[in-house]
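# A structural model of the following input is requested.
(one chain, ligands or ions: 1)
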Amino acid sequence: MAKDNTIRFFDLTMAHGATTSPFVWATKFALKHKGFDLDVVPGGFTGILERTEGNSERVPVIVDDGKWVLDSWGIVEYLDETYPDRPLLIPHKSVAATTRALDAWFWRVATGPWMRCFCADYRDVAFDHDQDYITKSREVMVGMKLEDKQKGREDRLPLISAELEPLRMALRDFQWLGGYGGLGRHPGLSNIFGLEQRPGDPDLFNRNPVANGLTKRNTGVASTSAESARMQGKAQA
Ligand SMILES: N[C@@H](CCC(=O)N[C@@H](CS)C(=O)NCC(=O)O)C(=O)O
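Okay, here's the model as predicted:
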């Protein structure tokens with residue numbers, strides 16, 4: 001049990017102290033929702049492996065009474081399993097499935113495009129000692145100079161906002177996003193089950209998603225080392 005109601009939290013911030021990481025940000029909210037105080041281990045993009053004593057190349061990471069827990073989803077599951085009497089993060093497993101779906105959609109239409117619109121700007125507000133690493137690793141990710149990637153964002157930003165219409169639509173009628181019974185099973189919602197793929201239709205699923213922070217769970221260094229080598233432009237073992 002968390003001693004003194006406190007959980008150690010490995011942060012990732014820019015030089016001004018705010019985080020740009022959706023994983024880190026969401027996990028801070030999750031810990032506060034469960035009512036914990038945070039013993040924050042500060043830091044930026046470099047030195048994560050050293051800060052976490054060799055346990056992880058990625059954050060968020062928590063340590064609860066000596067137990068290391070990795071990955072934002074892993075942390076959510078751990079907190080609900082370990083502290084079921086505190087407010088639940090995932091009160092029903094249908095909420096987990098719906099949240100995964102919303103998360104994946106939101107990354108595709110908003111988080112990813114926003115990041116690409118501000119990739120050089122966010123590097124510029126990172127700690128000085130992180131900037132070179134962010135430039136190199138993110139240029140590998142986006143395939144060009146960060147300054148070039150964010151060019152023309154004035155034209156792209158309004159389109160991102162327009163893509164969020166499904167959220168606005170839901171929030172016109174509901175105070176919160178969520179529900180019970182499973183997406184598509186509520187009376188009045190269209191039946192999304194039984195979708196059939198006809199010959200010649202495009203594949204309905206991306207069967208080989210890029211293994212990155214959104215699709216792949218951080219279970220320790222072995223799970224992220226190939227991606228890290230790629231991000232650092234190194235040949236993979
Ligand atoms: N699946 C992981 C993804 C975590 C992740 O990718 N974190 C990024 C920050 S957004 C990170 O630690 N990056 C370090 C780096 O770029 O070297 C989770 O949900 O916790």
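
# look through this structure and state the residue closest to the ligand.
Taking C-beta to the nearest ligand atom, the ligand has its nearest neighbour within the chain at Gly213, 2.7 Å off. Bear in mind the C-beta positions are built from the backbone N, C-alpha and C, glycine included.

# so what's that residue up against?
Applying C-beta atoms under 8 Å, 6 or more residues apart in numbering to Gly213 gives the contacts Phe23, Arg58.

# using the three-state scheme, assign it.
Here Gly213 is recorded as coil under DSSP: H, G, I helix; E, B strand; the rest coil.

# likewise for Lys136?
helix.

# and for it, the neighbour number?
13 (other C-beta atoms under 10 Å).

# for Leu79, same thing?
With other C-beta under 10 Å as criterion, Leu79 counts 26.

# how about Arg51?
19.

# do the same with Leu146
Counted with other C-beta under 10 Å, Leu146 comes out at 21.

# likewise the one 10 residues further on?
When neighbours are defined as other C-beta under 10 Å, Arg156 has 14 of them.

# check which helix or strand covers it.
helix 153-163 (DSSP states H and E).

# got the residues of this protein near the ligand?
Contact residues, the chain versus the ligand (C-beta under 6 Å from any ligand atom): 12, 21, 23, 45, 48, 58-60, 71-73, 137, 213, 217-218.

# helix or strand right after the least confident helix or strand in the chain by mean pLDDT?
The weakest-scoring helix or strand in the chain, judged by mean pLDDT, DSSP states H and E, is helix 165-173 (a mean of 79). Moving toward the C-terminus from helix 165-173, the next helix or strand (DSSP H and E) is helix 221-231.

# which positions within that following helix qualify as buried?
For helix 221-231, burial by neighbour count (16 or more other C-beta atoms under 10 Å) applies to Val221, Ser223, Thr224, Glu227, Ser228, Arg230, Met231.

# could you say what helices and strands that helix packs with?
helix 128-142 (3 or more C-beta pairs under 8 Å, 6 or more residues apart in numbering; DSSP states H and E).

# and for Ile48, the neighbour number?
19.

# quick check: it touching Pro60?
No - using C-beta atoms under 8 Å, Ile48 is not in contact with Pro60; the gap is 10.3 Å.

# spit out the residues that contact those two alike.
With C-beta under 8 Å, 6+ apart as the test, Ile48 and Pro60 both reach Phe10, Leu12.

# name the residue most distant from the centre of this structure?
Here the chain reaches farthest from its C-alpha mean at Pro199, the gap being 35.3 Å by C-alpha atoms, centre = their mean.

# next one, pLDDT for that one please.
Note for Pro199: predicted pLDDT of 83.

# one more: Glu77?
96.

# so which strand or helix has it?
helix 72-82.

# show the subsequent helix or strand relative to that helix.
Per DSSP H and E, the helix or strand that comes after helix 72-82 is helix 93-106.

# quick one: that following helix to chain centroid distance?
Helix 93-106 has its C-alpha centroid displaced from the chain centroid by 12 Å (C-alpha atoms, centre = their mean, to the nearest Å).

# flag every buried residue along it.
Buried-residue list, helix 93-106, by 16+ other C-beta under 10 Å: Ser94, Val95, Ala96, Thr98, Thr99, Leu102, Asp103, Phe106.

# the third one - nearest residue in space that isn't next to it in sequence?
By that I understand Ala96. Ile90 (4.8 Å; C-beta to C-beta, 6 or more residues apart in numbering).

# great, nothing more from me.
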